[in-house]
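Novice: prediction below, plus the sequence it came from.
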Amino acid sequence: MKVHIIRAVASLLLGVALALLLAAQQQTTKPAADKLIAIDVLLQPDQTMVSKANEINARLRSNYPDGYSLDATHAPHVTLLQRFIGAKDLDAVTAAITKT
């Protein structure tokens, strides 16, 4: 059941992200002073999935101690979209994603 919910949320967020991407591509004029910023739209897993990811990461690191370690600043997640947007559009993009 959780997998279906996660897939539905992921599909919805991806749809919003693609709509934003298409809308941004349709803009033909851009002010020269418009600063670009990088955004990362992601899904944050629930605590059960985070715990499981941490267990798997610990097992992997037992074989390869120099491997990547999950911690407070390196949490498991699912990236849906990475892109640049105009800084002036950040509030609108945030509002659109928050609605979903």
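Specialist: Great, that's in hand.
Novice: where in the chain is the helix or strand with the lowest mean pLDDT?
Specialist: helix 2-26 (a mean of 61; mean pLDDT, DSSP states H and E).
Novice: any idea which helix or strand comes after that one?
Specialist: Using DSSP states H and E, the helix or strand that follows helix 2-26 in sequence is strand 36-43.
Novice: ok, and what's touching the following helix or strand past that following strand?
Specialist: Remark: after strand 36-43, the chain's next helix or strand is helix 47-63, criterion DSSP H and E. Defining contact as C-beta atoms under 8 Å, 6 or more residues apart in numbering, one finds that helix 47-63 is touched by Pro45, Gly67, Tyr68, Ser69, Leu70, Ala75, Pro76. The C-beta positions use only the backbone N, C-alpha and C, and glycine is treated the same way.
Novice: put the buried members of these into a PyMOL selection.
Specialist: Command for PyMOL that selects the buried part of the contacts of helix 47-63, burial taken from 16 or more other C-beta atoms under 10 Å:
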select buried, resi 45+70
